[in-house]
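>>> I would like the atomic coordinates for the input below:
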Amino acid sequence: MAVPSYATDLIDIDLCESGGKTWAEPTASGWTYGAGPSSDDDNPFQGLLAMSKAFNAAGVGGMMVNNTAGITLPTDGAFLVWFYWAAPGSLEADVDGGIRIMVGTDLANFLSWDVGGKTTYVYGGWINYAVNTTLTADDIVGTGLGNSQYIGAAVNNFNSIFKGNPFLCDATRYGRCEARIAGGETANYATFSGYAGVNDNVANRWGLIQAIDGGYLVKGLIIFGYGAAVNFIDKNKSLIIQNTNKVTAGFNAFEVRQATSLVDLTSISILSLSTVSRGRWVTTDNATVYLRSCTFTDMGVFGFASNSTILNSTFRRCDIITQNGATFTGCTIDSAIGAKALVVDNISLITNTTFASKGTGYALEGFGTAGDYTFTNLTFTGYGANGTTDAAIHVLAATGTVAISIVGGGTPTYKSDGAAVTFPSSVTLTMTVKGIVAGVPNQPIIGAWAFIDQDPPESPWIMNQQTIAGGIASTSWTGGQVNNSTWRVRKYGYKDFKQAVDIPASGSVSLPITLVVDPQQT
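Numbering: from 1, shown residues only. Alright, predicted model coming up:
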């Protein structure tokens, strides 16, 4: 595979460099406080120059760039504006539009969205704000949007700043805001730090995967496998999804593409600060996905596929997870915010997992066909009583019987759409096989075939496996009481063993077996 490729779909509106597009103040009444914008070579963030303006006044003032033509945003896309204010304590609060992003037809006709203020912009610094113009604006100026030819930012300031130029804007861009990742090879896999190294280059400063103290600030659509397969292997990283409050719900997402891709994440933590676009996980193509000891907090929906394996990972206050044949082992799903935590289609692939209710919603939804199902070490805490919409499981089958066998863990409460729900008792059946091994008596015999069938024989076998360490073969049986089941053991060099055993409806049966050496086979 090729070396990692890190790219984006972002289109530059203006980078504020020499010979760039024209910036000016809005001409609408009430939006003209402060001085006019001018080129600034003292405080650029991207490239060599920025735009800045003095603000020795109290009120709303801004600056906008003329793109010279209208812009159409892609679905779930955004305008991005780099913003800086040198005196955070002098801003009005967020609810009063301390920081605003403007998009419109011209300097007198535009819409404005409140994106921040002294409430959240406490420590100042450069920040990349995102706005989607399909969202309801906080201010309509003149005739409003019309088209998206002028883009910029404004502040609502309550304390005049008499020194310097405290208000700056730098690179403005637009697009779906895709972080496009492909390639990766042994000793040079694609990684979050690899993308951030390109993103944070002073010539780029895209604002998509940005290195910060302790981790990475991310937003937009992160694509694993854009245009070609990716080998993305990373571990021990912390990601924070930026609080983007003026975008569509689908704006923040992680998407896996190309069936030949590999996405292998170990001890990755992703925390969403955005309540508007929490961040989805989308498995578009059935690539190989491993999520090992990862933690996902306050995120949106997750969709996996049959080549996805989720091990020892935690989903805390996340939206609905759809299994789609994925394997879950040793996971914790805590306080899911959706009507159910996990939509299941193959319960046998979900083991050793704990579900904790937030007080409403199911843990599992599925079981649309009557039949036998086994829960292996699944634990449910805080769920409601049988028949309620916050019971542990939602059985979708309308007719027949759904029989759920419990192997470890707890027995869940349930709500059924019509099928009868039963919990057959599980009986543990164990054979311990010993004999003479290498001349030493009473030694465990490993690799002997152990069989249990009913009388008369029925398919499938109750047991059909080889003994392992300790000479043990063991299984769980949920088929109820069986009289005269046949227990047999075979191994070359020993005489066959056969015995009739009654299996009770509950409890366990352990049978010690000593194989006798067969001299005719030695």
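>>> Going by C-alpha atoms from here, please, whenever you check contacts or count neighbours.
OK.
>>> Check what pLDDT N159 gets.
pLDDT, N159: 89.
>>> What separation is there between it and A153?
As judged by Cα to Cα, to the nearest Å, N159 and A153 stand 18 Å apart.
>>> Which of the two has more residues huddled nearby?
Here N159 and A153 are compared on neighbour count by other Cα atoms under 10 Å; more neighbours surround A153, at 28 against 16.
>>> Show the contacting residues for the closest residue to K246 other than its chain neighbours.
Excluding the flanking residues, the one nearest K246 by Cα to Cα, 6 or more residues apart in numbering is V131, at 5.1 Å. By Cα atoms under 8 Å, 6 or more residues apart in numbering, the residues touching V131 are 78-80, 101, 113, 246-247.
>>> Kindly state the pLDDT recorded for T478?
77.
>>> quick one: secondary structure of G470?
At G470 the chain is in helix, as set by DSSP: H, G, I helix; E, B strand; the rest coil.
>>> Wait, L91 touches N156, no?
Yes: L91 is within contact range of N156, at 6.0 Å (criterion: Cα atoms under 8 Å).
>>> Give me the common contacts of these two.
98-99.
>>> ok, now how distant is the residue nearest to K246 from Y174?
In this view, V131 and Y174 are 9 Å apart by Cα to Cα.
>>> Next, the residue nearest the centre of the chain: phi, psi?
By Cα atoms, centre = their mean, the chain has its centre lying nearest to W281, at 4.3 Å. Main-chain torsions, W281, degrees, to the nearest 10: phi -110, psi 120.
>>> show me what contacts it?
Contacts for W281 were tallied using Cα under 8 Å, 6+ apart; they are 253-255, 300-304.
>>> Which one (most neighbours) among those?
Greatest neighbour count in the contacts of W281, by other Cα under 10 Å, goes to G300: 27 neighbours.
>>> pretty sure that one is touching D319, no?
Yes: using Cα under 8 Å, G300 is in contact with D319, at 4.7 Å.
>>> Can you pull the residues that touch both of the two?
With contacts defined as Cα under 8 Å, 6+ apart, no residue is shared by G300 and D319.
>>> Give me the pLDDT value at M1.
At M1, the model reports a pLDDT of 66.
>>> repeat for the one 5 residues further on
pLDDT, Y6: 98.
>>> How about it: which residues does it bridge to?
Beta bridges link Y6 to I181, judged by DSSP bridges.
>>> distance of it from A179?
For Y6 relative to A179 (Cα to Cα), the value is 7 Å.
>>> neighbour count winner among these two?
Ranked by neighbour count (other Cα under 10 Å), Y6 and A179 place A179 first, with 26 against 20.
>>> Now do the helix or strand hosting that one: which elements does it pack against?
Taking DSSP states H and E as the criterion, A179 maps to strand 178-182. In terms of contacts (3 or more Cα pairs under 8 Å, 6 or more residues apart in numbering; DSSP states H and E), strand 178-182 is packed against strand 5-8, strand 221-224.
>>> C-terminal to it, what's the next element?
The helix or strand immediately downstream of strand 178-182 is helix 192-199, counting by DSSP H and E.
>>> Would you mark the buried spots in that next one?
192-196, 198-199 (16 or more other Cα atoms under 10 Å).
>>> Now tabulate the residues you listed in TSV and tack on distance to T119 and pLDDT.
Listed next are those as TSV, based on distance: Cα to Cα, whole Å; pLDDT from 0 to 100:
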residue	distance to T119	pLDDT
F192	30	98
S193	30	98
G194	33	98
Y195	31	98
A196	28	98
V198	31	98
N199	28	98
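>>> Out of the residues you listed, which comes closest to I241?
Closest approach between the buried residues of helix 192-199 and I241, by Cα to Cα: F192, at 13.4 Å.
>>> Hmm, the closest one is touching I233, no?
No: applying Cα under 8 Å as the test, F192 and I233 come out as separate, 9.1 Å apart.
>>> Skip the chain neighbours and tell me the closest residue to W23.
Closest residue in space to W23, ignoring its immediate chain neighbours: V65 at 4.3 Å, by Cα to Cα, 6+ apart.
>>> What of R205?
Computed as Cα to Cα, 6+ apart, the closest residue to R205 that is not its neighbour in sequence is N199, at 5.3 Å.
>>> Quick check: the gap between that neighbour and G359.
Counting by Cα to Cα, the gap from N199 to G359 is 41 Å.
>>> what is the mean pLDDT for the helix or strand S52 falls within?
In the assignment (DSSP H and E), S52 maps to strand 50-53. What strand 50-53 shows for mean pLDDT is 97.
>>> Which strands and helices lie in contact with the helix or strand that comes right after that strand?
Next helix or strand after strand 50-53 toward the C-terminus (DSSP H and E): strand 59-66. When contacts are defined as 3+ Cα pairs under 8 Å, 6+ apart, strand 59-66 packs onto strand 23-24, strand 150-157.
>>> Pull the distance from the strand holding A179 to the chain's centre.
17 Å (Cα atoms, centre = their mean, to the nearest Å).
>>> ok so, going back, from the buried residues of helix 192-199, which is closest to G184?
Closest approach between those and G184, by Cα to Cα: G194, at 10.3 Å.
>>> one step back: would you format the helices and strands packed on strand 178-182 as TSV with distance to S238 included?
TSV is the format used below for those (distance: least, Cα to Cα, whole Å):
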stretch	distance to S238
strand 5-8	19
strand 221-224	15
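>>> so which of those comes closest to V95?
Among the helices and strands packed on strand 178-182, strand 221-224 comes nearest to V95, with 27.6 Å by Cα to Cα.
>>> Show me what the closest one is packed against.
Against strand 221-224 (3+ Cα pairs under 8 Å, 6+ apart) you get strand 178-182, strand 253-256.
>>> The helix or strand just after that strand vs strand 178-182, what angle?
Next in sequence after strand 221-224, counting helices and strands by DSSP H and E, comes strand 231-241. Interaxial angle, strand 231-241 versus strand 178-182 (axes from the mean of the first three to the mean of the last three Cα atoms, to 10 degrees): 160 degrees.
>>> Which strands or helices does strand 231-241 pack on?
Using 3+ Cα pairs under 8 Å, 6+ apart, strand 231-241 sits against strand 215-218, strand 262-272.
>>> Can you point out the buried residues in it?
Buried positions in strand 231-241, judged by neighbour count with 16+ other Cα under 10 Å: 231-235, 237-241.
>>> any chance you could map the strands in the stretch 351-500 of the chain?
Along the stretch 351-500 of the chain, the stretches classed as strands by DSSP state E, counting those that start in this stretch are 362-366, 371-381, 393-395, 401-407, 414-416, 420-422, 427-437, 440-444, 449-453, 463-466, 472-477, 482-490, 497-503.
>>> Please list the residues outside the helix or strand encompassing V115 that contact it.
V115 is part of strand 109-116, with elements assigned from DSSP H and E. Counting contacts by Cα under 8 Å, 6+ apart, the residues outside strand 109-116 that touch it are 28, 93-104, 129, 131, 137-146, 245-246.
>>> same deal with stretch 85-99?
Taking Cα under 8 Å, 6+ apart as the rule, stretch 85-99 contacts 113-126, 153-161, 166-168.
>>> do stretch 236-248 as well
With contact meaning Cα under 8 Å, 6+ apart, stretch 236-248 is reached by 76-78, 113, 115, 129-132, 135, 214-219, 252, 266-279.
>>> then it to CSV, C-alphas only?
This file holds the C-alpha atoms of stretch 236-248, laid out as CSV (Å, rounded to 0.1, in the frame of the first residue of the first chain):
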residue,chain,number,x,y,z
ASN,A,236,-3.5,6.2,23.0
LYS,A,237,-5.0,9.3,21.5
SER,A,238,-7.7,11.7,22.8
LEU,A,239,-10.0,13.4,20.4
ILE,A,240,-12.5,16.2,21.2
ILE,A,241,-15.3,17.0,18.8
GLN,A,242,-15.6,20.8,18.6
ASN,A,243,-18.7,22.5,19.9
THR,A,244,-20.1,23.4,16.6
ASN,A,245,-23.6,24.8,17.4
LYS,A,246,-24.5,26.3,14.0
VAL,A,247,-24.3,23.3,11.7
THR,A,248,-26.5,20.4,10.7
